[in-house]
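Sequence first, then the predicted structure, then my questions.
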Amino acid sequence: MKNLLGLAVVGVMLAGANAYAEDAASAPAVGDAKAGAAKAPMCAGCHGVDGNSVSDAFPSLAGRSAGYLAKQLKDFRAGVRVDPTMNGMASTLTDADIVNLAAYFSGNIPKGSAAVADEETLEKGRKIYLGGDRKRGVSACMSCHGPAGHGIPPRFPKIGGQHGAYIQKQLLAFRDDARTNDSGIMTSIAERMTLGDVKAVSQYIAGLR
Ligand code: HEC
Ligand code: HEC
């Protein structure tokens, strides 16, 4: 009886992990970075040849975990994450293309970004990032994204060194329920944040290494 219960608990844990992580049946878990590199030129115009984008309108992909990148591409393809450009791009990709591209970009070295804000704003962002805002019930970003924004793969993405404008756009999208592919985690955090909080923490994150 005890053993059965133990097995049931493990089963539930595994089912939970699988539901989020990969669609293991339809794609190999580990991508082929070389094959991904061959496809990557179709992404280069916006995300940069190696996934370091020079424009803050486009997120950098270099050094983000393969699991996170693959999830986003699948979500774009399924229309669960909405962006007209990326929904179109992802619709042309097979499951193999997705894991291969994810392997390629995740293997590249991120160049980082830079904060564009005064000291006071960055200090405000730092406080929210490291400690949250107890009064409003905002959790510390650090607890899932790590003290330096490196994330905890594959579930919690690396955000440190991402362009501030992109981070801000995502936080506002979560806040306004325009991005809802996060199992309710980020939407419930972002809806408690003011525009000032969002701006400050976005710039703080851009400056993380
Ligand atoms: C014409 C420009 C353009 C091209 C080409 C393009 N993307 Fe994007 N991509 C974007 C934009 C804009 C976003 C941000 C969407 C948003 O704001 O949610 C994005 C977001 C992403 C994200 C989500 C990043 C994150 O941190 O969540 C991934 C992954 C991605 N693109 C991968 C790719 C891949 C792989 C290719 C090539 C097959 C590609 N993109 C081609 C414009 C482009
Ligand atoms: C309980 C865990 C948790 C906490 C706390 C948390 N996040 Fe997240 N965050 C996530 C998860 C999970 C995702 C990925 C959602 C998905 O799969 O699309 C995410 C995604 C993001 C993204 C989108 C990244 C991208 O590349 O598009 C940003 C930006 C972000 N979080 C910022 C923050 C900030 C700022 C805070 C603190 C105010 C914070 N997060 C707190 C779990 C968390």
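Nice, thanks for sending it over. Note that the structure is a prediction, hence the values are computed from the model and not measured. Ligands and ions are numbered 1, 2, ... in the order given.

Every contact and neighbour count from this point should use C-alpha atoms.
Noted.

quick one: Ile128 and ligand 1, what's the gap?
The spacing between Ile128 and ligand 1, counted by CA to the nearest ligand atom, to the nearest Å, is 20 Å.

And for Glu123?
24 Å.

since we're on that residue, how many residues are nearby?
For Glu123, the neighbour count with other CA atoms under 10 Å is 15.

ok, now Glu119?
Neighbours around Glu119, by other CA under 10 Å: 10.

Nearest the geometric middle of this structure, what residue?
Pro157 (4.1 Å; CA atoms, centre = their mean).

Leaving out chain neighbours, which residue sits closest to Ser106?
Excluding the flanking residues, the one nearest Ser106 by CA to CA, 6 or more residues apart in numbering is Gly63, at 4.3 Å.

and Tyr20, what pLDDT?
pLDDT recorded at Tyr20 is 40.

what do you get for Pro154?
89.

Please tell me how far the closest residue to it other than its chain neighbours sits from Leu172.
Nearest non-adjacent residue to Pro154, counting by CA to CA, 6+ apart: Gly67, 4.8 Å away. Gly67 is 24 Å from Leu172, where distance means CA to CA, to the nearest Å.

What are the contacting residues of the helix or strand the residue nearest to Pro154 falls within?
Using DSSP states H and E, Gly67 sits within helix 66-78. With contacts defined as CA atoms under 8 Å, 6 or more residues apart in numbering, helix 66-78 is touched by 21-22, 61, 81-83, 86-88, 90-91, 93, 98-99, 102-103, 105-106, 153-157, 181.

all helices for the protein, in order.
2-20, 33-39, 41-47, 66-78, 84-90, 95-106, 119-131, 142-145, 164-175, 185-190, 195-206 (DSSP state H).

give me the number of residues near the residue nearest to Ser106?
Gly63, neighbours per other CA under 10 Å, totals 23.

With the one 5 residues further on instead?
Here the count is done by other CA under 10 Å, and Tyr68 has 20 residues near it.

and it, how far is that from ligand 1?
For Tyr68 relative to ligand 1 (CA to the nearest ligand atom), the value is 8 Å.

That residue and Asp177: what is the separation?
Tyr68 is 20 Å from Asp177, by CA to CA.

Poorly predicted segments of the chain, please.
1-29 (pLDDT under 70).

which parts of it sit against ligand 1?
Residues of the chain lying close to ligand 1 by CA under 6 Å from any ligand atom are 40, 42-43, 45-46, 58-59, 69, 72-73, 83, 85-86, 89, 101.

Ligand 1: which of the residues you listed is nearest?
Nearest to ligand 1 out of the residues of the chain next to ligand 1 is Cys43 (CA to the nearest ligand atom; 3.4 Å).

wouldn't that closest one be in contact with Ser53 here?
No: using CA atoms under 8 Å as the test, Cys43 is too far from Ser53 to be in contact (10.1 Å).
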